[in-house]
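>>> task: produce atomic coordinates for the following.
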Amino acid sequence: MTRRTNVKKHIAMLTLAALAAFATPAFAQDKIIVGAYAANPPWEFKNDSGAFEGFEVDVATEAAKRIGKEVEFQELGFQALFAATSSGRIDFAISSISINNDRLQSQSFTQPYYDSDGTIVGLAASPVTTLEDLKGKVIGVVAATTGEAWANENAEALGIAEVRSYAAQQDLLLDVQNGRIEGGAGELAGFQYAISKIPALKILVRIPTGERFAMMAKKDLPILGEINDAISAMKEDGTLAAIHEKWFGVAPDAGTSTVTVMPLPAAE
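Have a look, this model is predicted:
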């Protein structure tokens, strides 16, 4: 074997090693990459210094810490989160993402950690007090959310004049405040938090949906079980309950997924 051949072989080995390192997913390193829709308080948002805060930010950070890893948060649009987990660009996604059977066909989830309902939010002076009062009204939704799915499924039966889609919750709420739409359909806790900042708004109708939120991941992500076990431990030692009280001002109800250890969700 000539010296030139040895050099070529050495270069090829270095190239393969570099490619392997580049292809190594984040979870195999010292940190976990978590994608988040940053305009979603109190679940996740950016503070004045640009750092991520919120209920799910605390959950993800603590779960990663318990398995000896740090977290890097990446800001993504809500719809982009699904492609980012599927492609492996991120390890997990958070953003009050509901577990449902359709999503479980292509994604994996940790056990849930929050039980929620849907709602219609509107101006305090709105005449809407029941779902039937939405007849002939225009309502808004954030694109790709369960609020949008609910509105599209029920618009005809309720006689809703139009379901208007928005890329961001703040744009939807701005149109509610300005009277361009009667209200917005979406997740209860997120709207309750918004109302605490915008006194002109109120919850018009609460919609029982049985939604539960969890961290979403690429299908069968190897680290999923470790993170799920960490969430179980957080429920058992009261850490999750403390995070709930920090962000919502009250202790979680007994029997909810915030305090009850549950199995990993599986597709039907």
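>>> please enumerate the strands of the stretch 101-250 of the chain.
107-109, 114-123, 138-142, 162-166, 183-187, 201-213, 216-218 (DSSP state E, counting those that start in this stretch).
>>> mind listing residues that contact the last one?
Applying CB atoms under 8 Å, 6 or more residues apart in numbering, the set of residues contacting strand 216-218 from outside is 81-82, 85-88, 91-94, 97, 103, 107-110, 223-224. For the C-beta atoms, the positions are set from N, CA and C on the backbone; glycine is no exception.
>>> show the low-confidence segments of the stretch 101-250 of the chain, by residue range.
Along the stretch 101-250 of the chain, no part satisfies pLDDT under 70.
>>> endpoints of stretch 131-143, how far apart?
The first and final residues of stretch 131-143 sit 21 Å from each other (CA to CA, to the nearest Å).
>>> for that stretch, buried residues please.
131, 133-134, 137, 139-142 (16 or more other CB atoms under 10 Å).
>>> where's the residue nearest to residue 227 when sequence neighbours are not counted, which helix or strand?
Once flanking residues are discounted, residue 227 sits nearest to residue 63: 5.1 Å by CB to CB, 6 or more residues apart in numbering. Assigned by DSSP states H and E, residue 63 belongs to helix 55-66.
>>> residue 36 is in contact with residue 76, correct?
Yes: here residue 76 reaches residue 36: they are 7.0 Å apart, a contact under CB atoms under 8 Å.
>>> helices of the stretch 151-268 of the chain, residue ranges please.
169-177, 188-197, 224-236, 239-248 (DSSP state H, counting those that start in this stretch).
>>> okay, those in TSV with distance to residue 215 and mean neighbour count next?
TSV is the format used below for the helices of the stretch 151-268 of the chain (distance: least, CB to CB, whole Å; neighbours: other CB atoms under 10 Å):
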stretch	distance to residue 215	mean neighbour count
helix 169-177	20	19
helix 188-197	16	18
helix 224-236	7	19
helix 239-248	13	18
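>>> can I get those in TSV with distance to residue 40?
Output for the helices of the stretch 151-268 of the chain, formatted as TSV (distance: least, CB to CB, whole Å):
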stretch	distance to residue 40
helix 169-177	7
helix 188-197	6
helix 224-236	20
helix 239-248	12
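>>> how is the chain carved up into domains?
Per automatic domain parsing, the structural domains of the chain span 8-113+214-248, 116-211.
>>> measure the shortest one end to end?
Distance between the boundary residues of domain 116-211 (CA to CA) amounts to 5 Å.
>>> gap between it and the chain center?
18 Å (CA atoms, centre = their mean, to the nearest Å).
>>> go through stretch 113-122 and flag the buried ones.
113-116, 118-122.
>>> make CSV out of the residues you listed and add distance to residue 253.
Below are the buried residues of stretch 113-122 laid out as CSV (distance: CB to CB, whole Å):
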residue, distance to residue 253
113, 13
114, 11
115, 8
116, 12
118, 18
119, 17
120, 22
121, 22
122, 26
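>>> closest one of these to residue 185?
Set against residue 185, the nearest of those by CB to CB is residue 120 (5.6 Å).
>>> so that closest one touches residue 183, yeah?
Yes: taking contacts as CB under 8 Å, residue 120 lies within contact range of residue 183: 4.6 Å.
>>> overlap in contacts of these two?
With CB under 8 Å, 6+ apart as the test, residue 120 and residue 183 both reach 128, 134, 139, 204.
>>> who's in contact with the third one?
Which is residue 139. By CB under 8 Å, 6+ apart, the neighbours of residue 139 are 120, 151, 160, 162-164, 181-185.
>>> what's the answer for the last one, then?
Under the criterion of CB under 8 Å, 6+ apart, the neighbours of residue 204 are 119-122, 126, 128-129, 183.
>>> quick check on the most centrally placed residue in the chain: phi, psi?
A centroid search over the chain (CA atoms, centre = their mean) returns residue 95, at 1.8 Å, as the residue closest to the centre. Dihedral pair for residue 95: phi 160, psi 50, per degrees, to the nearest 10.
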